[in-house]
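Here is a sequence with its predicted model. Questions after.
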Amino acid sequence: MNGTKESVRDFTQDNFAYHGTFDDYAQYAPVAAVYALSAVGVKGKNNFGNKTAIAIKSFLVNGLITDRLKYWVNEPRPSGGVRSFPSGHTSKAFSFAHFMHKEYGELSPWFSIGAYSCATTVAVMRVAKNAHWVSDVLMGAGIGIFSTELVYLTHQYKWDNEHLKRFDIFPFQLGNQKGVTLVYNF
């Protein structure tokens, strides 16, 4: 497959080379769109608390899977850097795109089309930027969708106003140790 990876990389570098930073921001566009739609009154599948809990859990599960794979596989980047496989930008973009699809896809397919188009654009930009191989972005897309789907399957939908009143978050410092404490009263 190395020949195929290199052929795709060479084709994109010859025809679509990209050197900007738009991909760094576009990966967050679907999740921003979900909250923007909520802010203007378009009701999604879940209330604000559940939506936020799902988004955070999806982000964390996706990050955990992606980061662990990056260290275990340790694939060199086409540009010569390290830890190419899988693409973190792409996995985040597809995780958030699938989040938007799950929240608003039943209202109109255009919400899903827009979210997945944005995520695909991020993936193409990562290859065009010579930051990733095509296999990296394909795996990143799969991990992103999988992580969000897994969170939706396991989420218990307890993040409404009743349950949020029992939840508290505050920073702490103990000597040189700093962190955040999360407390939920049952």
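Cool, got the structure. Numbers count the residues shown, from 1 in each chain.

what ranges do the strands span in the chain?
Under the criterion DSSP state E, the chain contains strands at 167-174, 177-184.

lowest-confidence helix or strand of the chain?
helix 161-164 (a mean of 60; mean pLDDT, DSSP states H and E).

Could you count how many residues lie near residue 110?
Look at residue 110: counted by other Cβ atoms under 10 Å, it has 10 neighbours. (Each C-beta comes from the backbone N, C-alpha and C, glycine too.)

Run through the residues that contact it.
Counting by Cβ atoms under 8 Å, 6 or more residues apart in numbering, residue 110 makes contact with nothing.

Also residue 59?
92, 95.

ok, now residue 175?
Residue 175 makes no contacts at all, as judged by Cβ under 8 Å, 6+ apart.

Can you check what pLDDT the model gives it?
Here the pLDDT value assigned to residue 175 is 85.

phi, psi of it?
For residue 175, the backbone dihedrals (degrees, to the nearest 10) come out as phi 70, psi -120.

ok, now how distant is it from residue 183?
Relative to residue 183, residue 175 is positioned 21 Å away (Cβ to Cβ, to the nearest Å).

and what of residue 67?
Per Cβ to Cβ, residue 67 is found 27 Å from residue 183.
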